[in-house]
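*Asks:* I would like to see how this sequence folds:
(one chain, ligands or ions: 1)
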Amino acid sequence: MKNHEWKKSVVYQIYPKSFKDTTGNGVGDIRGITSKLDYINNLGADFIWLCPIYKSPMRDNGYDISDYMAINELYGDMDDFVELLEEAHKRGIKIMMDLVLNHTSSEHKWFKEAKSSKENKYRDYYIWRDKPNDIQSIFGGSAWAFDESTNQYYFHLFDKTQPDLNWENPVVIKEIYQMINFWIEKGVDGFRFDVIDLLGKEIDKKIVENGPTLHKIIHSLNENTFGGKHIMTVGETWGATIEEAIKYSDPKRKELNMVFQFEHITLDWGKYGKWTPKKITAQELRDVLKKWQLGLKDKGWNSLFLCNHDLPRIVSRWGDDEKYHAESAKMLAILIHMQQGTPFIYQGEEIGMTNVRYNELSKYEDVEIHSSYKDLVLDSGKMTKDEFMDGVYKMGRDNARTPMQWDDGLNAGFSISKNTWLPVNPNYKYINVANSLQNKESIFYTYKELIYLRKHSCYSQTIINGEYEPILLEYKDIIGYRRKDSNYNIDIIANFSKNTIKVDYLVEDKKLLLNNYKGIDLDEKSILLMPFQALVLAY
Ligand code: TEU
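*Replies:* A predicted model of the protein is given here:
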């Protein structure tokens, strides 16, 4: 994208299956998204990241694509998509597609052909070996599946119904260019590239992430498709270091506009990764945020997020979804959004949607939950079922995928169907959009204000381009930082705990831009921060 426009954008992520159902089948759809564009416009986001809407057997809810150039019938058709694009554009909202280039569905024509015989012209679109090595699937178990009819193993880093494409095959790469250009011609405005860091892998050497050909592949993608066009690009990178992130996002290298990296959000992963979470401290989080803010300064570009469709709800995770629901949700929003980078808001985050708890494993839909259960509980016995369920409640992906809570009516206003594909979180009776819009003190209006400050206020330049400097380092539960340029200083002070903390800080005549409590308890030299209190002061 030109003119550094990605630096000014705020993205709203939509998981179509759970956003809004207009047909009454219990599953969200494209027309549902179109019907809610005014809501997104009201919030102030100017980009939508649309999770995959392509034809798919939906084993991984669209991250298993069986035709990159067709719309999933569950969600509608190409006319619906074009209408969504036009209606979004009318409102100044752009649409970013989610592209899964690492793998397809095993239902994709390419894979069906590839599997039919070793001589088939599509065979080399995928990765086949006579003997598997010990690379593990990200969803648990071996990354190799045996194909009986051709007597070889194919490689799949995710589910076995998601075979990895062979990025060493130039014909595959050409097909992908054509497909991306098809969407560019349709008028889309951006791409989020799923697990982009896996494309340059060298399987026989067991190199999976950040392989030797990765940046060459991305640079060529840029040159042959979106480069020089009005397209925003984001790369999902689980294993990026600062150095890697700069490679992706330094504009001079002509790769992508920004990375979407997870170092801060995996800080609380424990022995068995996400399934055994541990408590995060303010210091750990502050250090990682600081590392990325300073590390990418003037060299690369980061996205700012706490939630997405793969992560639990942040208010339940790092806040307190009962006693301090609104306070902690607002504090987390302020903490993340006032940094340098492009903010991403995941549907429902702006109203403080929380984790869900179904009492049966069978009620969960997510493929990752079930394959990890098989791996960690049934096959290896590393965890007991109870321990695993605890992990699911805290960290499972379905926490983020429950239907969007629009109002306190049937199925939270998501659908008129008797059953929704995933049960609605019972707290929709009070946590819902209608309530949030009515209550001027709601979490929604904090997000709205954060977007307004970034995009339209006199502090815009300071928030987008200003320097970053950590402050108040002597307080172990406080995360504080200053943004500054020649016009303004903006101090962000967040209490990342349930304790009340006295902080030596002079408020004087600084302008209070945001406060998630009604007032500030202060004297001449200090402020008394309430549990999860967050302040933004400018001067
Ligand atoms: O996610 C990549 C990914 O690695 C996640 O599966 C992640 O490891 C996991 O959720 C954390 O426990 C992307 C998509 O965002 C995800 O929805 C897909 O399932 C995955 O790729 C496969 O396409």
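*Asks:* measure Ser18 to Ser105 for me?
*Replies:* Separation of Ser18 from Ser105 (Cβ to Cβ, to the nearest Å) stands at 20 Å. Backbone N, C-alpha and C define where each C-beta goes, glycine included.
*Asks:* Just after the lowest-mean-pLDDT helix or strand in the chain, pick out the following helix or strand.
*Replies:* In the chain, the helix or strand scored least confidently by mean pLDDT, DSSP states H and E is strand 521-522, which has a mean of 92. Per DSSP states H and E, the first helix or strand lying C-terminal to strand 521-522 is strand 526-529.
*Asks:* Just the mean pLDDT for stretch 109-120, thanks.
*Replies:* The average pLDDT within stretch 109-120 is 98.
*Asks:* same check, this time on stretch 467-482
*Replies:* Stretch 467-482 carries an average pLDDT of 98.
*Asks:* Show me what from the stretch 101-250 of the chain comes close to the ligand.
*Replies:* Counting by Cβ under 6 Å from any ligand atom, the residues of the stretch 101-250 of the chain close to the ligand are 138, 158, 194-195, 238.
*Asks:* quick one, helices of the stretch 301-450 of the chain?
*Replies:* 314-317, 325-337, 367-373, 385-395, 398-401, 433-438, 443-456 (DSSP state H, counting those that start in this stretch).
*Asks:* Take those and write them to TSV, including distance to Glu5 and mean neighbour count.
*Replies:* Putting these into TSV (distance: least, Cβ to Cβ, whole Å; neighbours: other Cβ atoms under 10 Å) gives the following:
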stretch	distance to Glu5	mean neighbour count
helix 314-317	27	25
helix 325-337	18	25
helix 367-373	34	20
helix 385-395	34	18
helix 398-401	28	23
helix 433-438	28	16
helix 443-456	11	20
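*Asks:* Tell me which of those helices sits nearest to Asp77.
*Replies:* Closest to Asp77 of those, according to Cβ to Cβ: helix 398-401, at 23.5 Å.
*Asks:* what residues are up against the residue of the stretch 1-150 of the chain found nearest the ligand?
*Replies:* Per Cβ to the nearest ligand atom, the residue of the stretch 1-150 of the chain with the smallest distance to the ligand is Tyr63, at 3.4 Å. Listed by Cβ atoms under 8 Å, 6 or more residues apart in numbering, the contact set of Tyr63 reads 52, 56, 100, 158, 162, 194.
*Asks:* Pull up the per-residue confidence for the nearest residue to Pro531 once chain neighbours are set aside.
*Replies:* Across the structure, with Cβ to Cβ, 6 or more residues apart in numbering as the measure, the residue nearest Pro531 apart from its sequence neighbours is Lys498 (4.4 Å). According to the per-residue confidence, Lys498 scores 98 in pLDDT.
*Asks:* Provide the count of other residues in contact range of Lys498.
*Replies:* Counted with other Cβ atoms under 10 Å, the neighbours of Lys498 add up to 15.
*Asks:* Over to Cys307?
*Replies:* By other Cβ under 10 Å, the residues close to Cys307 number 25.
*Asks:* and it, how far is that from the ligand?
*Replies:* Here the criterion is Cβ to the nearest ligand atom, to the nearest Å. By it, Cys307 lies 12 Å from the ligand.
*Asks:* My read is that that residue contacts Val315, right?
*Replies:* No - contact between Cys307 and Val315 fails when scored by Cβ atoms under 8 Å: they sit 9.1 Å apart.
*Asks:* just to revisit the earlier point, what residues does the residue nearest to Pro531 make contact with?
*Replies:* Remark: with contacts taken as Cβ under 8 Å, 6+ apart, Lys498 is in contact with 320, 323-324, 531-532.
*Asks:* quick one: which of those residues is most hemmed in?
*Replies:* Phe532 leads those on contacts (other Cβ under 10 Å) with 26 neighbours.
*Asks:* Now do the helices in the stretch 1-150 of the chain.
*Replies:* Here the stretch 1-150 of the chain has its helices, by DSSP H, counting those that start in this stretch, at 30-35, 37-43, 78-90, 109-116.
*Asks:* which parts of the second one are buried?
*Replies:* When neighbours are counted by 16 or more other Cβ atoms under 10 Å, the buried residues of helix 37-43 are found to be 37, 39-41, 43.
*Asks:* Lys510 contacts Leu537, correct?
*Replies:* Yes - contact status for Lys510 versus Leu537: in contact at 4.2 Å, counting by Cβ under 8 Å.
*Asks:* These two: which has the busier surroundings?
*Replies:* A side-by-side neighbour count of Lys510 and Leu537, using other Cβ under 10 Å, places Leu537 first with 22 against 16.
*Asks:* Could I get the contacting residues of Lys484?
*Replies:* When the contact criterion is Cβ under 8 Å, 6+ apart, the partners of Lys484 are 462, 466-467, 469, 490.
*Asks:* Dump those residues into JSON lines; add secondary structure, distance to Tyr154 and neighbour count as well.
*Replies:* Below are those laid out as JSON lines (DSSP: H, G, I helix; E, B strand; the rest coil; distance: Cβ to Cβ, whole Å; neighbours: other Cβ atoms under 10 Å):
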{"residue": "Thr462", "secondary structure": "helix", "distance to Tyr154": "52", "neighbour count": "22"}
{"residue": "Gly466", "secondary structure": "coil", "distance to Tyr154": "49", "neighbour count": "21"}
{"residue": "Glu467", "secondary structure": "strand", "distance to Tyr154": "50", "neighbour count": "15"}
{"residue": "Glu469", "secondary structure": "strand", "distance to Tyr154": "51", "neighbour count": "15"}
{"residue": "Ile490", "secondary structure": "strand", "distance to Tyr154": "52", "neighbour count": "23"}
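*Asks:* and which of those residues is nearest to the ligand?
*Replies:* Taking Cβ to the nearest ligand atom as the measure, Gly466 is the one of these closest to the ligand, at 30.8 Å.
*Asks:* Quick check, pLDDT for the residue nearest to Arg397 when sequence neighbours are not counted.
*Replies:* Using Cβ to Cβ, 6+ apart and skipping residues adjacent in sequence, the residue nearest Arg397 is Asp366, 4.7 Å away. At Asp366 the predicted local distance difference test score is 98.
*Asks:* returning to what we had before: common neighbours of Lys510 and Leu537, please.
*Replies:* Taking Cβ under 8 Å, 6+ apart as the contact definition, Lys510 and Leu537 share the neighbouring residues Asp491.
*Asks:* rewinding a little: most packed of the helices of the stretch 1-150 of the chain?
*Replies:* Here the criterion is mean neighbour count by mean count of other Cβ atoms under 10 Å, and of the helices of the stretch 1-150 of the chain the winner is helix 30-35, at a mean of 22.
*Asks:* neighbours around the nearest residue to Glu107 once chain neighbours are set aside, how many?
*Replies:* For Glu107, the nearest residue in space outside its immediate sequence neighbours is Ser66; the separation is 4.1 Å by Cβ to Cβ, 6+ apart. Summarising burial for Ser66: neighbours were counted as other Cβ under 10 Å, giving 21.
*Asks:* Cheers, nothing more for now.
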